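Asks: pasting the sequence and the predicted model now:
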Amino acid sequence: MMYWAQFMEDRRWMPGTVLTIPSDVPPFVHFVMVEWTDFHSGDEMAIHNMPGIGVARVLLDNAITGKPVTTRWTPHTPDEGAAAIQRMQSLIGHPYDLIEANCEHVSRWAVTGEWKSGQVSFVRTGLLLAGAVAIAASL
């Protein structure tokens with residue numbers, strides 16, 4: 001077996017995999033894309049979008065911060081993972097915006113080409129329902 005193939009077997013996740021970790025604000029989650037592993041140090045890298053930072057490359061362990069991890073999406077092929085990583089890399093430096101450009105927006109776009117956040121949609125729907133109930137109660 002070639003060295004790089006053996007090295008890749010030791011990875012926790014395939015490049016391009018999208019992970020979620022619990023947010024500091026339950027029930028929400030934070031989205032992180034696994035990028036690549038440094039062959040010399042063994043450090044796994046990731047790309048994610050954070051308030052005050054924007055889309056940036058970080059050490060995967062620093063993004064996870066010891067929290068439980070759920071795999072949200074796994075590429076079916078190395079080429080599919082590479083394409084998702086390329087799209088995510090094209091966003092490096094893009095500013096964070098909770099409503100219009102959060103971690104879910106950028107991860108979903110990199111994988112599907114769709115710029116949306118299910119979490120933001122959930123909150124918007126909840127606020128609309130609460131408003132409708134408040135208006136109905138005042139009648």
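Replies: Everything's here; your move.
Asks: what strands flank the strand or helix carrying residue 35, and is each parallel or antiparallel?
Replies: Assessed by DSSP states H and E, residue 35 sits inside strand 29-37. If you go by DSSP bridges, strand 29-37 pairs up with strand 18-22 (antiparallel), strand 44-50 (antiparallel).
Asks: how about residues contacting that strand?
Replies: Here strand 29-37 makes contact (CB atoms under 8 Å, 6 or more residues apart in numbering) with 7-8, 11-23, 43-49, 57, 60, 63-64, 70, 72, 84-85, 88-89, 103-104, 106-108, 110, 119. In short, each C-beta sits where N, CA and C put it, glycine included.
Asks: out of the residues you listed, which are buried?
Replies: Buried members of these, counted by 16 or more other CB atoms under 10 Å: 13-21, 44-49, 60, 63-64, 72, 84-85, 88, 103-104, 106-108, 110, 119.
Asks: where does the prediction get shaky in this structure?
Replies: Low-confidence segments of the chain (pLDDT under 70): 1-11, 121-132.
Asks: please, where are all the helices along it?
Replies: 3-9, 60-64, 78-89, 103-112, 118-138 (DSSP state H).
Asks: report the contact partners of residue 19.
Replies: Here residue 19 is in contact with 13, 31, 32, 33, 34, 46, 64, 69, 70, 71, 72 (CB under 8 Å, 6+ apart).
Asks: how does it look with 6 Å?
Replies: 32, 69 (CB atoms under 6 Å, 6 or more residues apart in numbering).
Asks: tell me how far it lies from residue 68.
Replies: 10 Å (CB to CB, to the nearest Å).
Asks: hey, what's the residue nearest to the spatial centre of the chain bridged with?
Replies: The centroid of the chain falls nearest to residue 31 when counting by CA atoms, centre = their mean (2.5 Å). When assigned by DSSP bridges, residue 31 has beta-bridge partners residue 20.
Asks: how close does the residue nearest to residue 53 when sequence neighbours are not counted sit to residue 76?
Replies: Closest residue in space to residue 53, ignoring its immediate chain neighbours: residue 96 at 6.7 Å, by CB to CB, 6 or more residues apart in numbering. From residue 96 across to residue 76, the span is 29 Å (CB to CB).
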